[in-house]
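**Student:** Here's a sequence, model it:
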Amino acid sequence: MSTSGSSITNHTRPFPPGFLWGTATASYQIEGAATADGRGPSIWDTFSHRPGAVWNGDTGDVACDHYHRMSQDLDLLGELGVGAYRFSVAWPRVQPTGQGPANQRGLDFYRRLVDGLRDRNIEPTLTLYHWDLPQPLEDAGGWCVRDTAERFAEYVDIVARALGDDVERWITLNEPWCSSWLGYGTGRHAPGLHDIGKAAAANHHLLLAHGMAIPILRSAVPSAKVGITLNLGDHRPGSKHELDVAAAQRADGNLNRLFLEPVFRGRYPEDMLAHYATSKPGFSVIQDGDLKIISQPLDFLGVNYYFPSTVVDESRATEARLAGYFVAPNEQFPDLRVRSLETPGRDKTAMDWEIEASGLTALLVRIRDEYTTLPIYVTENGAAFDDYVDPNGRVLDNNRVAYLQEHISAVHDAIDAGVNVQGYFVWSLLDNFEWAFGYSRRFGIVWVDFPTGERLPKESFHWYRDTIHSNSVEYATSVGSG
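**Tutor:** So this is what the prediction gives:
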């Protein structure tokens, strides 16, 4: 069939007035200055210095050197035109050992950051925990023990009283699934343990820490809007076979329901409690009253989304291959008995993650239908690609522009479906230390030359600036004939 008569039509989709556009970073990934001004070691300092733990032996010792280049980065945010900037506070910069009095020099850094944002009419969105647990607390048991949640509550009180007069939007935790299941279950993240029972205990204590933080924030900052950021996925069975449907349910239970259910329903899913019943200490650490603490009312939910997931039961891997799928060679959680599939022909990012924006719409609609009608902010969404500076000194990351365009349009689809999405934050402002991948993966809309620290806005930076300015997203449709 001839497509010679086809044409491309661009459509503009405006967002509601007041829609909040932002970008996001995390302390260990950008700050550097690992021992400056009294900062203590975190689990990521320890983990990244462990031989073989991080790609190429990279560490966050210098990272983007944001600690010394804050003014330059604030100017980039001003140029970008964002209404909000999501950053995280490094716990060991505020409390070097995880307890005791505040390190004033650490608090002063964040005070300068908040003041710099306010000077540029940018709303601070402060994340209290983005994975950099003080190492002395890990030495005492880390998130596997209840005491860490209690220490977190003390830390939250310090930060809230120091910065609360100029910060309204607070996020207690970022992606507690990664902290618990990747940190204690698979060992891929700090602290690098391989124990499913400890991962489940960490799951609970992280959520308990979240719950303990809520009344502290509301007391110290009466105007506070409090939420939590969860990394959530759209899990789909690779077929209608009952085993594959059950496999998708198990995967969904581990990533999604172990966090959504306690936060919004005050209970853990029964199938997951049964699944982990023999993993010790596991969820036996739950005490009376804990779930009431965890499920206190919130003001918003932060959602991080990057890619969809299609799975089958491990016993059906051969059938999936025969159906044309590539089956991942192994799973990070063997106890779940699932195997991930790659959809033939679907584009992927440099992280080897499939690109499908409709998964974001489906996820947002599901949250609204099953869990909450609270305001939702997409607190992270973005993509890593193999960027480079061309001979003309530009980074033409058109693949990232396409990714962002598709996913922002997917957010619009969710809004059209009645989901209360009030903001979107690109991950990330800067190329940075990408955890176990070190500096080998670039997520930024600003290029960072790591040997020199030089910043260079990419094509995606300029595209996002224009999107923010117009408060709309363009999408193209093809109209063919023949």
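**Student:** Look up how far residue 407 lies from the most centrally placed residue in the chain.
**Tutor:** Closest to where the C-alpha atoms of the chain average out (CA atoms, centre = their mean) is residue 304, at 4.7 Å. Remark: distance between residue 304 and residue 407 (CB to CB, to the nearest Å) = 12 Å. (C-beta placed from N, C-alpha, C; glycine too.)
**Student:** what does residue 257 give?
**Tutor:** Counting by CB to CB, the separation of residue 257 from residue 407 is 23 Å.
**Student:** just residue 474 next, same as before
**Tutor:** The gap separating residue 474 from residue 407 is 14 Å, by CB to CB.
**Student:** Then residue 332?
**Tutor:** On the measure of CB to CB, residue 332 and residue 407 end up 25 Å apart.
**Student:** ok, now residue 117?
**Tutor:** 25 Å.
**Student:** related to what we said a few turns ago, give me the common contacts of residue 304 and residue 407.
**Tutor:** Contact criterion CB atoms under 8 Å, 6 or more residues apart in numbering; residues shared by residue 304 and residue 407: residue 381.
**Student:** Looks to me like residue 86 is in a helix.
**Tutor:** No: per DSSP: H, G, I helix; E, B strand; the rest coil, residue 86 lies outside any helix segment and is strand.
**Student:** Contacts only, for it.
**Tutor:** 22, 23, 24, 25, 125, 126, 127, 171, 379, 425.
**Student:** Now, of these, which are buried?
**Tutor:** Neighbour counting by 16 or more other CB atoms under 10 Å classes 22, 23, 24, 25, 125, 126, 127, 171, 379, 425 among those as buried.
**Student:** quick one: which of the residues you listed sit in strands?
**Tutor:** Residues of the buried ones among the contacts of residue 86 located in strands (DSSP state E): 22, 23, 24, 125, 126, 127, 171, 379, 425.
**Student:** Need the residues you listed in JSON lines (columns: distance to residue 141).
**Tutor:** Formatted as JSON lines, these follow (distance: CB to CB, whole Å):
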{"residue": "22", "distance to residue 141": "35"}
{"residue": "23", "distance to residue 141": "35"}
{"residue": "24", "distance to residue 141": "30"}
{"residue": "125", "distance to residue 141": "30"}
{"residue": "126", "distance to residue 141": "27"}
{"residue": "127", "distance to residue 141": "23"}
{"residue": "171", "distance to residue 141": "25"}
{"residue": "379", "distance to residue 141": "29"}
{"residue": "425", "distance to residue 141": "33"}
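**Student:** Show me which of residue 117 and residue 407 is the more surrounded one.
**Tutor:** Set residue 117 next to residue 407 and count neighbours by other CB atoms under 10 Å: residue 407 wins out with 26 against 22.
**Student:** what number of residues lie near the nearest residue in space to that one that is not next to it in sequence?
**Tutor:** Leaving aside its sequence neighbours, residue 407 sits nearest to residue 357 (CB to CB, 6 or more residues apart in numbering; 4.6 Å). Residue 357 has 21 neighbours, counted by other CB under 10 Å.
**Student:** what number of residues lie near residue 10?
**Tutor:** Neighbours of residue 10 (other CB under 10 Å): 8.
**Student:** and what of the one 4 residues further on?
**Tutor:** By the measure other CB under 10 Å, the count of residues near residue 14 is 11.
**Student:** Which pLDDT does the model give the closest residue to it other than its chain neighbours?
**Tutor:** Distance criterion CB to CB, 6+ apart; nearest residue to residue 14, sequence neighbours excluded, is residue 472 at 4.3 Å. We have a pLDDT of 98 for residue 472.
**Student:** any idea how far residue 472 is from residue 385?
**Tutor:** Counting by CB to CB, the gap from residue 472 to residue 385 is 24 Å.
**Student:** More neighbours: these two, which one.
**Tutor:** Taking neighbours as other CB under 10 Å, residue 472 and residue 385 compare with residue 385 leading, 19 against 16.
**Student:** okay, the more buried one: pLDDT?
**Tutor:** pLDDT, residue 385: 98.
**Student:** Quick check: it touching residue 398?
**Tutor:** No: assessed by CB atoms under 8 Å, residue 385 is found out of contact with residue 398, at 9.4 Å.
**Student:** contacting residues for residue 153?
**Tutor:** Residue 153 makes contact with 209, 212, 213, 216, according to CB under 8 Å, 6+ apart.
**Student:** meant to ask about residue 223, not that
**Tutor:** Contacts for residue 223 (CB under 8 Å, 6+ apart) come out as residue 168.
**Student:** Three-state assignment for it, please.
**Tutor:** Put simply, residue 223 is coil when judged by three-state DSSP.
**Student:** contacting residues for residue 438?
**Tutor:** 48, 54, 55, 56, 57, 58.
**Student:** out of those, who's nearest residue 142?
**Tutor:** Proximity of those to residue 142 (CB to CB) peaks at residue 48, which lies at 16.4 Å.
**Student:** For the closest residue to the closest one other than its chain neighbours, which three-state class applies?
**Tutor:** Residue nearest to residue 48 in three dimensions, not counting chain neighbours: residue 59, with 4.1 Å by CB to CB, 6+ apart. Of the three states, residue 59 takes coil according to three-state DSSP.
**Student:** what about residue 59, how many neighbours?
**Tutor:** Neighbour tally, residue 59, other CB under 10 Å: 21.
**Student:** Check residue 165 too.
**Tutor:** Counted with other CB under 10 Å, residues neighbouring residue 165 total 12.
**Student:** Quickly check the contacts of residue 153 for the two that are furthest apart.
**Tutor:** Going by CB to CB, the pair spanning the contacts of residue 153 furthest: 209 and 216, at 10.7 Å.
**Student:** Between those two, point out the one with more neighbours.
**Tutor:** A direct count of neighbours by other CB under 10 Å for residue 209 and residue 216 places residue 209 higher, at 26 against 22.
**Student:** Do a quick rundown of the strands in the stretch 351-482 of the chain.
**Tutor:** Under the criterion DSSP state E, counting those that start in this stretch, the stretch 351-482 of the chain contains strands at 376-381, 421-427, 446-449, 454-457, 472-479.
**Student:** Which of these has the lowest mean pLDDT?
**Tutor:** Among the strands of the stretch 351-482 of the chain, strand 472-479 has the lowest mean pLDDT, at a mean of 72.
**Student:** who touches residue 88 in this structure?
**Tutor:** By CB under 8 Å, 6+ apart, residue 88 lies in contact with 25, 26, 27, 126, 127, 128, 129, 130, 132, 174.
**Student:** Look up the closest residue to the second one, ignoring the ones flanking it.
**Tutor:** Which is residue 26. residue 130 (4.1 Å).
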